[in-house]
Structure formats: structure tokens, C-alpha cells
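> Quick one, fold the following:
(one chain, ligands or ions: 1)
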Amino acid sequence: MNVKNLEEILNRNRSYTNQGETANYIPELAYANPQQLGITVCTPRGEVISVGDCEVEFTMQSISKVVNLIVAVLDNGPEQVFSKVGMESSGEPFNSVAELETKAENKPLNPLINAGAIAVSSMIKGRDVEEQFQRVCTFLSKITGKENITLNERIYESEKLTGDRNRSLAYFMKSTGVIDTNVEEALDLYFRLCSISVTCSDLAKIGLFLSTGGKIQGEILHKNMPKAVQIALSIMLTAGLYNESGETMMKAGIPAKSGVSGGIMAAPPNEMGIGIIGPAINSKGNSAAGVKILEDLSSEYNLHVFKKKPV
Ligand SMILES: NC(=O)CC[C@H](N)C(=O)O
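Residues are numbered from 1 along each chain as shown. Below you'll find the predicted structure:
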């Protein structure tokens, strides 16, 4: 792998930024530059290669759902978490209201759609929202090696102000017993987690952590970490890109998670961590150029999980 190679992949896919738009249902997200495009790759051997607009910060949005899930699984065990949230891909938009009532016994279909992630947030341990949030930040800090994990206040306020769809999902889940804690607190934690600032290289480090089975600088910090990571990767593979997950699974074949700010975090097992930013998103809510870059990275570096690797 080298810089030139990655630059070529980035440039080859640049025109796809014109096939998307920045998210505007959270008004503050609309101000991102739709032409921005960057890739960072981290390998287990310690190489870090960044190309394009990698230094720009953006919010994690739905990529935080993966970290959220791992913390909740470590806190409660998988049985407890999956007694409230399903394991199936949805085939519907990430904020679908209808499927919550009509599918899977009132359980949100999986932890990576909005309803599922709000339910998972309610299970994170802590005295109050601040402590819950700080526990997730501490974990993120260990993974990324960044001392300060910060929240983008403008985006957070914008999310809260316009988050009525998420509120309706959460209150519905309270009525069916999926959420049995304070709904507003679960939502507040969810909004905060979505508003955490990151760069491409932070995403690549999260990807590397997952790709190496949950190791942080060669160490496993919790005995249940490998299991939690295995769960997260499985759900990323089947549901990480919402109703574009099947196509991405077939074409790129890499466990990945997208967010509406245009980030994609990907974790081809044992290979590398990948962070991509491209704020112009397609109709499914995924970075328009980002998904194409993921496909190209997969074919360039043989990353598809079902591609026969040379022995
Ligand atoms: N797909 C996403 O990134 C959605 C996250 C966003 N904060 C929302 O709740 O709608």
C-alpha cells in the first residue's frame, strides 16, 4: 500500500461527490463542503496513510452506534442487549417509524438503525447522562489514542432541536417496554454520541481496533471484548449501511458503518482500519463517493471477506 495508490483511488471516485448532497434534515450538517473527500488507512504494522481532505473534523453520527453497542454489550452481556434489540437487517431507511410496529415484536430490528441505537444507549451504565457519555468517550479515547474526545456543540444543539423523529421512535419504544429508563436521557445520550467530533484517522483507528479483534496496542482490555467486537462486525456487515448494506456486502464485502455526516468506518478483518469522509450523501444516507471508494479499496487490496486469499 502506498500514498500514490490511495490518491489514485480517491481521484478516480471524486466525481461521485456530485451524486449526493450534504444532509440537511439536521440543519447544521448542511454546511459541510460536499466536495470534501479524504481517506485514511491504518495497518496492524503501524502504517498510517492519509490522502485528500483528512484533517477536517466532522461528527460521528451513526458511526457512534458501533461504539455504543460494544460498550452496552460489555456492560450488560449480549443476551440482555439482544432481548431488547434485534439482529436482522432492515431494508428500510435508518429512521423508519413503520417497521418498529410492524416487524420483530416491537423490537427495533438491529442496533445500527436509529431506534436500535437509542434503545442501546438506554442500556449504557452510568449514574446520569454525563457519566454514561464520559464512559463511551473514555473508551473512544483508548481506541484512538486521543486524549480529548470532544462534542460539536452546534451539531448537538441542531440534533436536539430537530430530533422529533428520533423522539417519536424513543417514546414508542418506551410504550412497548424496549426502553425502561428515562426516554429523554436515552435520547440526550444518543444525540451527544452522534455529535462527537472525529477525523478520518480516528475512524481508521476504530476500524483497526475492530479489525484486530478488539486489541488496543496489542492488548485486549476486557475479557468479553473479542465477543463484543465479533458481534459489532457481524452487524456492520449485514446492516452497517442501512438499506444499501446488501449491495455493499456484495461489492465491497467489508464490515463497515456509515454516518449522515458522510463518514465511513470500515474494518476488513485482520487487514486494516479504514476511515473515509465525503459529506455528499446518497439517498440511502451513505457517502456517495465513500461507498465507491470502499469498493475500490476492496478490489485493490483483496479485502472482500469471501474472496479466496492466497495461502
Ligand atoms: N444515519 C445517521 O447517521 C443518523 C444519525 C443522526 N444523528 C440521526 O439521528 O438521524
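> residues contacting residue 172?
Contacts of residue 172 were listed using Cβ atoms under 8 Å, 6 or more residues apart in numbering, and they are 97, 100-101, 115. For the C-beta atoms, the positions are set from N, CA and C on the backbone; glycine is no exception.
> Could you export stretch 275-283 as PDB, keeping only the C-alpha atoms?
Included here for stretch 275-283 are C-alpha records, laid out as PDB according to Å, rounded to 0.1, in the frame of the first residue of the first chain:
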ATOM      1  CA  GLY A 275     -11.700   5.900   7.600                       C
ATOM      2  CA  ILE A 276     -13.400   7.800   4.700                       C
ATOM      3  CA  ILE A 277     -15.000  11.200   4.600                       C
ATOM      4  CA  GLY A 278     -17.200  12.500   1.800                       C
ATOM      5  CA  PRO A 279     -20.100  14.700   3.200                       C
ATOM      6  CA  ALA A 280     -22.200  14.400   0.000                       C
ATOM      7  CA  ILE A 281     -24.500  11.500   0.800                       C
ATOM      8  CA  ASN A 282     -26.800   9.400  -1.400                       C
ATOM      9  CA  SER A 283     -30.500   8.700  -1.000                       C
END
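> which of the residues in that stretch are buried?
Applying a neighbour-count criterion of 16 or more other Cβ atoms under 10 Å, the buried positions in stretch 275-283 are 275-282.
> average pLDDT across it?
In this model, stretch 275-283 has an average pLDDT of 97.
> can you check stretch 196-203 too?
Averaging the model's pLDDT scores along stretch 196-203 yields 97.
> Adjust the sequence numbering to begin at 688 for everything that follows.
All right, first residue 688 from here; so that's stretch 883-890.
> circling back to that earlier point, return the subset of the buried residues of stretch 962-970 lying in strands.
Counting by DSSP state E, the members of the buried residues of stretch 962-970 that fall within strands are 962-964.
> who in the protein is up against the ligand?
Applying the criterion Cβ under 6 Å from any ligand atom, the portion of the chain that neighbours the ligand consists of 748-749, 781-782, 801, 846, 853, 881, 946-947, 972.
> now the end-to-end length of stretch 740-754.
24 Å (Cα to Cα, to the nearest Å).
> Figure out how far that stretch is from the centre of its chain.
Taking the mean C-alpha point of stretch 740-754 and that of its whole chain, the gap between them comes to 8 Å (Cα atoms, centre = their mean, to the nearest Å).
> Out of the buried residues of stretch 962-970, which comes closest to the ligand?
Each of the buried residues of stretch 962-970 was scored against the ligand by Cβ to the nearest ligand atom, and residue 968 proved nearest at 8.6 Å.
> So the closest one versus residue 791, what's the distance?
Spatial separation of residue 968 from residue 791 under the definition Cβ to Cβ, to the nearest Å is 27 Å.
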